[in-house]
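1. need a structure here:
(one chain, ligands or ions: 1)
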Amino acid sequence: MNGNPLIDVQGVRKGFAGRPVLTELTFAVGRGEIVGFIGPNGSGKTTTVRLLNGVLAPDAGHIAVGGFDPGRDGDRVRRMSGILTESAGLYGSMTGRENLRFFAELYGVDEPGRVDELLAAFGLADAADRKVAAYSTGMRKRLGLAKAVLHRPEVLFLDEPTNGLDPEGIRMVLGYIRSLNEQEGTTVLICSHLLQQLELVCHRYLFLLGGQVVEQGTLAELEARHFPAVTLEVETDLALTDGRYRGVPARQVRPGRIAFTLPGREDVPGFLRILAQDAAVYSAVPVRRDLETLYFKIMGGEAGE
Ligand SMILES: Nc1ncnc2c1ncn2[C@@H]1O[C@H](COP(=O)(O)OP(=O)(O)OP(=O)(O)O)[C@@H](O)[C@H]1O
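-> Purely as a prediction, here's the structure:
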């Protein structure tokens, strides 16, 4: 992370009716990062987003968004941030266009064409003049995202942004998030259970469990920490006689392809040098762990609510 974090959460506690939800929440998000916020049902992701947006106040601890305390300077934080929640806060009796026009005026958006641009970007141009009450879940979600980005916020809080979307909608929304981040440097915090989708857009991940962030990092960092052994899939003509080659566990994946398991990344160059002396080596690719594999390793068998 470069410079001061855009989101800084230190030792936050929050409970409801005496039941603790967040016990010691500490994390930071840098400017321009897309961070996935992951945790089981009921672990407090939405509660965290509501704290960051100043809708809820923490019982203890400190929160800063862009240097402002959402509890004290809620309006400033809300001006610089966009939020997409389950309900999205849209008016069913108004059309899609009327909703965006209404919020554009409320947010002081002085950019002619912004509403139409967003309706088109989210595939809603044809439905723009239909009442939102008649929209499908996916259409409402896309309109909610359009509303969240209307005022070109520096930071976006997205709670399950692709829930209920069809494959085209998912691609549209994830593509939009990525291009917003690349072109405008928008910082994004995404809560989601859809780990494969998170992997397509996030730079880094925070794992929430038991009211605190128990692990964080990029996929490569998490993989190095939790799966230090490297499995290398090698295309080679080496003849494997048993489950080992020079003491290294080896498995014939299919004819001409062997998976070797090395203790660590640092062992790869030396191993490949030796292998290349013994046999022809056509390619060598490390087998990557996906976010889901890491999730279960990090979270263990802990279930949500
Ligand atoms: N306003 C509230 N009053 C009472 N309890 C609440 C309130 N808001 C949240 N909770 C409780 O706090 C806990 C955390 O809820 P939260 O919605 O933040 O979890 P989450 O991680 O977003 O879950 P999910 O993955 O299911 O969306 C849950 O037990 C929930 O019932």
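
2. stretch 143-163: end-to-end distance?
-> Counting by C-alpha to C-alpha, to the nearest Å, you get 13 Å between the two ends of stretch 143-163.

3. let me fix that, I meant to ask about stretch 214-234.
-> Stretch 214-234 stretches 35 Å from its first residue to its last (C-alpha to C-alpha).

4. okay, buried residues for that stretch please.
-> Neighbour-count burial for stretch 214-234, counted by 16 or more other C-beta atoms under 10 Å, picks out 215, 216, 217, 219, 222, 223, 230, 231, 232, 233, 234. (C-beta placed from N, C-alpha, C; glycine too.)

5. so which bits of this protein are right by the ligand?
-> Neighbours of the ligand within the chain, by C-beta under 6 Å from any ligand atom: 16, 21, 39, 41, 42, 43, 44, 45, 46, 47, 305.

6. how does it look with 5 Å?
-> 16, 21, 41, 42, 43, 44, 45, 46, 47 (C-beta under 5 Å from any ligand atom).

7. now for the buried residues of stretch 214-234, which pair is the farthest apart?
-> With C-beta to C-beta as the measure, no two of these lie farther apart than 216 and 234, at 32.4 Å.

8. distance of the closest residue to residue 142 other than its chain neighbours from the ligand?
-> The shortest distance from residue 142 to any non-neighbouring residue, by C-beta to C-beta, 6 or more residues apart in numbering, is to residue 122 (4.1 Å). Separation of residue 122 from the ligand (C-beta to the nearest ligand atom, to the nearest Å): 23 Å.

9. what's the pLDDT at residue 122?
-> Looking at residue 122, its pLDDT stands at 88.

10. residue 304 now?
-> 40.

11. change the start of the numbering to 43 and stick with it
-> Noted, 43 is the first residue going forward, which turns the last one into residue 346.

12. what ranges does the chain have for its helices?
-> Taking DSSP state H as the test, the helices found in the chain are 87-94, 116-122, 138-148, 156-163, 179-191, 209-226, 237-243, 261-268, 310-320, 333-341.

13. for those helices, which one sits closest to residue 130?
-> helix 179-191 (3.0 Å).

14. what sits against the closest residue to residue 334 other than its chain neighbours?
-> Among residues not flanking residue 334 along the chain, residue 237 sits closest, at 4.8 Å (C-beta to C-beta, 6+ apart). Taking C-beta atoms under 8 Å, 6 or more residues apart in numbering, we find residue 237 in contact with 80, 332, 333, 334, 337.

15. what's the nearest residue to residue 306 once chain neighbours are set aside in contact with, if anything?
-> Once flanking residues are discounted, residue 306 sits nearest to residue 270: 5.4 Å by C-beta to C-beta, 6+ apart. Contacts for residue 270 (C-beta under 8 Å, 6+ apart) come out as 305, 306, 307.

16. return the item of the residues you listed having minimum pLDDT.
-> Note: of those, the lowest pLDDT belongs to residue 307, at 86.

17. that residue touches residue 266, doesn't it?
-> Yes. Taking C-beta atoms under 8 Å as the definition, residue 307 is a contact partner of residue 266 at 7.1 Å.

18. any idea what residue 137 is bridged to?
-> With DSSP bridges as the criterion, residue 137 is bridged to residue 173.

19. which pLDDT value belongs to it?
-> Listed pLDDT for residue 137 reads 95.

20. distance check, it against the ligand.
-> Here the criterion is C-beta to the nearest ligand atom. By it, residue 137 lies 29 Å from the ligand.

21. please report how far that residue lies from residue 173.
-> Note on residue 137: its distance to residue 173, by C-beta to C-beta, to the nearest Å, is 6 Å.

22. these two - which one has more neighbours?
-> Legend: neighbour count by other C-beta atoms under 10 Å for residue 137 and residue 173, higher for residue 137 (19 against 15).

23. hmm, the more buried one is touching residue 168, no?
-> No. The pair residue 137 / residue 168 is not scored as a contact, 12.0 Å apart, by C-beta under 8 Å.

24. can you tell me how far the closest residue in space to residue 242 that isn't next to it in sequence is from residue 192?
-> Nearest residue to residue 242, sequence neighbours excluded (C-beta to C-beta, 6+ apart): residue 216, at 5.6 Å. Using C-beta to C-beta, one gets 19 Å for the distance from residue 216 to residue 192.
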